[in-house]
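J.: everything below, folded, please.
(one chain, ligands or ions: 2)
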Amino acid sequence: MEPVILKHPLIDNKLSILRNKKTGTKEFRELISEISMFLCYEALKDAKTETVEIETPVAKTKVNKVNEDDYAFIPILRAGTGMLDGLIKVLPNAKIGHIGLFRNETTLKPVRYYYKVPKDIDKKQVVVLDPMLATGGSAIDAITMLKEEGAKNIKFLCIISAPEGIKKLQEVHPDVEIYTSAVDEKLNEKGYIVPGLGDAGDRIFGTK
Ligand code: PRP
Ligand code: URA
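T.: Numbers count the residues shown, from 1 in each chain. Ligands and ions are numbered 1, 2, ... in the order given. Predicted structure coming up:
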């Protein structure tokens, strides 16, 4: 399954500010949230709706509603929580889980430190969030944990991805659809995406 890339001049415009090292914490956070809304919009365009009858001030009519309980948003800590804000603007009643992983800076392997996901995850459309898909290790491990819990329908949303991470994620989890707003050139020797945007967590939380 090929990744879905948000190709749009308005997304490019937002990315142009996001990538700039001069962009400050507030604007960076807002842009992560806004781009995430567009990723969510694209990723959930197959959302099932049910028809219900309501009354407008003018007449009775039939409207289509999404059952928000069918959705679970799972940010990978920390940086994934920066995307959550955008997604819950779209589906405010979706259930939320958290998976805590950080990359060991020497081995680049993800280390797990927290795991809590909504019950009945096996019956939900699961949407995993992380702004960066670099080597793919964090996304792969998070998705493996969710599958062990029974999750079957999983989509992965990221802001910037590296070709190496996409390839690895597709090899290990070929059933998972990837939605990204940009596919960059490569990884550097430290596992950073080039040109990328630097360390997403540090830029969202202002920790460096
Ligand atoms: C970053 C990012 C991803 C991971 C991507 O998190 O948010 O989770 O690296 O790299 P990978 O594809 O090579 O696994 P980091 O480990 O820096 O933790 P943080 O979110 O707490 O900053
Ligand atoms: N994690 C980040 O935050 N940035 C990268 O470029 C790679 C991994």
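J.: give the pairing partners of the lengthiest strand in the chain; include direction for each.
T.: If you go by DSSP state E, the chain has its longest strand at strand 153-161. In the sheet, strand 153-161 lines up against strand 125-129 (parallel), strand 132-133 (parallel), strand 177-183 (parallel) (DSSP bridges).
J.: so the helix or strand following that strand versus strand 177-183, what angle?
T.: Where DSSP states H and E defines the elements, the next helix or strand beyond strand 153-161 is helix 163-172. Going by axes from the mean of the first three to the mean of the last three CA atoms, to 10 degrees, helix 163-172 is angled at 170 degrees with respect to strand 177-183.
J.: avg pLDDT for helix 163-172?
T.: Average pLDDT, helix 163-172: 98.
J.: tell me which parts of this protein are close to ligand 2?
T.: 79, 132, 134, 191-193, 196, 199-201 (CB under 6 Å from any ligand atom). Where C-beta positions appear, they are placed from N, C-alpha and C, glycine not excepted.
J.: what sits opposite Lys95 in the beta ladder?
T.: Beta-bridge partners of Lys95, counted by DSSP bridges, are Ala72.
J.: can you tell me which residues contact it?
T.: Taking CB atoms under 8 Å, 6 or more residues apart in numbering, we find Lys95 in contact with 69, 71-73, 118, 124.
J.: could you rerun that using 10 Å?
T.: 68-74, 117-121, 124, 126 (CB atoms under 10 Å, 6 or more residues apart in numbering).
J.: looking at this structure, which residue is nearest ligand 1?
T.: Residue nearest to ligand 1 within the chain: Gly201 (2.3 Å; CB to the nearest ligand atom).
J.: tell me the SS of that residue?
T.: Three-state assignment for Gly201 (DSSP: H, G, I helix; E, B strand; the rest coil): helix.
J.: count of neighbours near it?
T.: Around Gly201 there are 20 other residues, counting by other CB atoms under 10 Å.
J.: quick check, Gly165 in contact with His173.
T.: No - using CB atoms under 10 Å, Gly165 makes no contact with His173, being 11.9 Å away.
J.: those two - which one has more neighbours?
T.: Shown here are Gly165 and His173; by other CB under 10 Å, Gly165 has more neighbours (27 against 19).
J.: now do the contacts for that one.
T.: Contacts of Gly165 by CB under 10 Å, 6+ apart are 132-140, 158, 178, 180, 183-184, 187, 191, 193.
J.: now swap in Ile204 and tell me
T.: Ile204 is in contact with 25, 28-29, 32-33, 78-83, 131, counting by CB under 10 Å, 6+ apart.
J.: among these, name the buried ones.
T.: Buried subset of the contacts of Ile204 (neighbour count, 16 or more other CB atoms under 10 Å): 28-29, 32-33, 78-83, 131.
J.: from those residues, which land in helices?
T.: 28-29, 32-33, 81-83 (DSSP state H).
J.: between Gly165 and His173, which contacts overlap?
T.: Joint contacts of Gly165 and His173 (CB under 10 Å, 6+ apart) are 136, 139-140.
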